[in-house]
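Novice: Sharing a sequence plus its predicted fold:
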Number of protein chains: 2
Amino acid sequence: MAHDHVMPTDLTRNQELVLGTLNHAPAPLSAYDILDLLRSEGLRAPLQVYRALDKLVERGLAHRLESLNAFVACADEHCHRKGLIAFAICEGCGKVDEFADAVIEERLGKWAGATGFKVERTTMEIRGKCAECLKAA
Amino acid sequence: MAHDHVMPTDLTRNQELVLGTLNHAPAPLSAYDILDLLRSEGLRAPLQVYRALDKLVERGLAHRLESLNAFVACADEHCHRKGLIAFAICEGCGKVDEFADAVIEERLGKWAGATGFKVERTTMEIRGKCAECLKAA
DNA sequence: ATCAATACGTTATAGCATAACACTGCTGCA
DNA sequence: TGCAGCAGTGTTATGCTATAACGTATTGAT
């Protein structure tokens, strides 16, 4: 099911180009990686990419990986995911696996309730080696 | 109990200066913030700070907050914490609360077992507003 | 005393992100 | 019709974060 992404129709040209690039990438891309891939399409400045990324992230079509300063397309075809998403980043091949866990989210909610902290968003990034890379080693 | 930190005796001068700075800060500091605070002590280059930070983080005396590109002193006096630590970062006052949750860690372990992913380290950062800032609003 | 390992200091550079400004094209509404 | 407002665009310049590459100094074990 790889690359089986839905591309919304109401994106601007730049947003579409950036999301398309992320959809076809096997691993996270930095904004500058994206820019380099899109120079042939006429993009010239980092801001063009960052602005598109901002919108895509805002809409949940892409995610920012804080520990990499890089971005991935959302893996969920319908991109309706709310709440906590965890990312498992393989340091061998660079691939990212995205998953949600209700138990973790609930646990976090309990902690928040107990301390009076109001959670606005959470990033959870797991670094390690994926099964495939472990086998290969 | 604020600022009730233990300072190991086997740190180098730069490491001690950097850790001291983090210990006295009310909120996370970037490497360049630290550098500016330590110019009076003779530090001149980012690398002096980054090298000290590397060692401190390696020893668990400080933590890096990926979503801020900033650093905090470890809140645990004995700094023996292993495994997953979650950070709750208040966007009002900037304060960071550090906590560990065995259930989340176990849950993560289960996911790893099921997928064959080998976890090396995990960062979990929660953005929101602390109880105090909510009251003040 | 020698060697290896670690830390240090410095300059230069790479990589990530945003400020500020001018302009375009669209929507809606007086 | 015309204008106000908004979102998106393009461009230049700049700021913040992090590391490469070099040489020197200090430490500690044998």
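Specialist: Now that the structure is in, tell me what you want to look at.
Novice: When you work out contacts or count neighbours from here on, use the C-alpha atoms and nothing else.
Specialist: Will do.
Novice: A:K118 against B:I126, yeah?
Specialist: No: A:K118 is beyond contact range of B:I126, at 9.4 Å (criterion: C-alpha atoms under 8 Å).
Novice: For those two, work out which one has more neighbours and name it.
Specialist: Using other C-alpha atoms under 10 Å in any protein chain shown, the more surrounded residue of A:K118 and B:I126 is B:I126, with 24 against 19.
Novice: Spell out whether the longest strand along chain A and chain B are in contact.
Specialist: Using DSSP state E to define each element, chain A has its longest strand at strand A:118-129. Yes: judged by C-alpha under 8 Å from any C-alpha of the partner chain, strand A:118-129 comes into contact with chain B through A:K118, A:V119, A:E120, A:R121, A:T122, A:T123, A:M124, A:E125, A:I126, A:R127, A:G128, A:K129.
Novice: List the contacts of the fourth one.
Specialist: Applying C-alpha atoms under 8 Å, 6 or more residues apart in numbering or on different chains to A:R121 gives the contacts A:G83, A:L84, B:I126, B:R127, B:G128.
Novice: List the beta-bridge partners for it.
Specialist: A:R121 has the following beta-bridge partners by DSSP bridges: B:R127.
Novice: export the contacts of A:R121 to TSV and tack on pLDDT and distance to A:A27?
Specialist: Below are the contacts of A:R121 laid out as TSV (pLDDT from 0 to 100; distance: C-alpha to C-alpha, whole Å):
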residue	pLDDT	distance to A:A27
A:G83	77	23
A:L84	91	21
B:I126	98	25
B:R127	97	26
B:G128	97	29
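Novice: Out of the residues you listed, grab the one that's most surrounded.
Specialist: The most crowded member of the contacts of A:R121, judged by other C-alpha under 10 Å, is B:I126 (24 neighbours).
Novice: hang on, the earlier thing: would you tell me what the next helix or strand after the longest strand of chain A is?
Specialist: Scanning forward in sequence from strand A:118-129 by DSSP states H and E, the next helix or strand is helix A:131-136.
Novice: Next, see if that following helix gets close to chain B.
Specialist: Yes: Helix A:131-136 reaches chain B (C-alpha under 8 Å from any C-alpha) through A:A131.
Novice: Which residue ranges of chain A form helices?
Specialist: Applying DSSP state H to chain A gives helices spanning A:13-24, A:31-38, A:46-58, A:102-115, A:131-136.
Novice: wait, does the first one make contact with DNA strand C?
Specialist: No: Helix A:13-24 lies apart from DNA strand C when judged by C-alpha under 7 Å from any atom of the strand; the minimum separation is 12.2 Å.
Novice: Tell me, how many residues neighbour A:D10?
Specialist: When neighbours are counted by other C-alpha under 10 Å, A:D10 registers 8.
Novice: how about it, phi and psi?
Specialist: The phi/psi pair for A:D10 (degrees, to the nearest 10) reads phi -100, psi 30.
Novice: So it versus A:C74, what's the distance?
Specialist: Per C-alpha to C-alpha, to the nearest Å, A:D10 is found 17 Å from A:C74.
Novice: How about A:E120?
Specialist: 19 Å.
Novice: More neighbours: those two, which one.
Specialist: Neighbour comparison, A:E120 and A:C74: the larger count goes to A:C74, with 23 against 12 (by other C-alpha under 10 Å).
Novice: Now A:Y50. Nearest residue, chain neighbours left out?
Specialist: Once flanking residues are discounted, A:Y50 sits nearest to A:A31: 6.6 Å by C-alpha to C-alpha, 6 or more residues apart in numbering or on different chains.
Novice: Let me see the contact set for that neighbour.
Specialist: By C-alpha under 8 Å, 6+ apart, the contact set of A:A31 is A:P46, A:V49, A:Y50, A:A70, A:F71.
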